[in-house]
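A.B. asks: just to be clear, the model below is a prediction. Sequence and coordinates:
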Amino acid sequence: MYENQKYGTVLYKPPKPFYQMTIKELCDHNKICKSLDKTSLKKIMRMEKWDKEKLHRKKQKFLKKGGRKNKTKRKLIENRITKKERNHKKRKTKSKSIQKKQHRTTKKEIVF
């Protein structure tokens, strides 16, 4: 079987015409199509045999799974310490440590 046959399957067809879809529906359909591009023809042929309920459940599960990554990535970006903040913290600690250190005595000072 040829690999380009998978693009004519039922799985690639949108649920309704593109001009009637909302932005979220278009994005979801795009995500599904991108993942189908990566799958092999054999697996797509197996997926076509599933009933509509099972196919719908799998699509919803896939779309929910994709949303989780963005949230964790967003948290990492929010909690990330920038280079400027890191340097600022280093300067503060150095200045404090210099002020707290006691003056070292030399041999000459001890002799007096």
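C.D. replies: Cool, the structure landed.
A.B. asks: quick check: mean pLDDT across stretch 82-100?
C.D. replies: Mean pLDDT, stretch 82-100: 63.
A.B. asks: low-confidence ranges, the chain, go.
C.D. replies: 1, 3, 66-71, 89-112 (pLDDT under 70).
A.B. asks: ok, now with 50
C.D. replies: For the chain, the stretches flagged by pLDDT under 50 are 93-94.
A.B. asks: what's the longest helix in it?
C.D. replies: Taking residue count as the measure and DSSP state H as the definition, the longest helix of the chain comes out as helix 52-79.
A.B. asks: quick one: the strands in this protein?
C.D. replies: Taking DSSP state E as the criterion, the chain contains no strands.
A.B. asks: all helices for it, in order.
C.D. replies: Listed from the start of the chain, the chain has helices (DSSP H) covering 23-38, 41-48, 52-79, 83-100, 107-111.
A.B. asks: how far does the second one sit from the chain's center?
C.D. replies: When distances are taken as Cα atoms, centre = their mean, to the nearest Å, helix 41-48 is centred 27 Å away from the chain's centroid.
A.B. asks: same question for the third one.
C.D. replies: Relative to the chain's own centre, helix 52-79 is displaced by 10 Å; criterion: Cα atoms, centre = their mean.
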